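Chemist: Dropping a prediction and its sequence here:
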Amino acid sequence: MDSLKRYLGVVWMLLGPAAMIALTNTAQNEIANHPGMDRVIQWGVFVIVFVPIGIGLVIFGWYAFTGAYDRREEDNTIDRP
């Protein structure tokens, strides 16, 4: 299961920038096809809101790839008073 988490970490690291590029390309096409301030504001908000989400995907993928979410034996013990 830990190796699956590491492979998916690579997927998340690639998905973040790919989604940001796809979103900005879509925004540019929509603004070019339907010029107007309402489109610029709408797509500007979409891009501004999504950039931190894409960065978070990359950070989450990096932690998964480096093994920060791996299950350890000491995590399975329960300390009871």
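Modeler: Now that the structure is in, tell me what you want to look at.

Chemist: and residue 61, how many residues sit next to it?
Modeler: As a burial measure, residue 61 scores 20 neighbours (other CB atoms under 10 Å). Backbone N, C-alpha and C define where each C-beta goes, glycine included.

Chemist: quick one: it and residue 38, what's the gap?
Modeler: When CB to CB, to the nearest Å is the yardstick, residue 61 and residue 38 sit 35 Å from each other.

Chemist: Equivalent analysis for residue 59, please.
Modeler: The span separating residue 59 from residue 38 equals 33 Å under the rule CB to CB.

Chemist: Mind checking which of these two has more residues around it?
Modeler: Neighbour totals were compared for residue 59 and residue 38, and residue 59 leads with 13 against 9 (other CB under 10 Å).

Chemist: The more buried one and residue 3: what is the separation?
Modeler: From residue 59 over to residue 3 the distance is 20 Å, taken as CB to CB.

Chemist: Then residue 11?
Modeler: Distance, residue 11 to residue 3, by CB to CB: 13 Å.

Chemist: more neighbours, these two?
Modeler: Between residue 11 and residue 3, counted using other CB under 10 Å, residue 11 has the larger neighbour count: 13 against 9.

Chemist: In terms of helices and strands, where is residue 69?
Modeler: Applying DSSP states H and E as the criterion places residue 69 outside every helix and strand.
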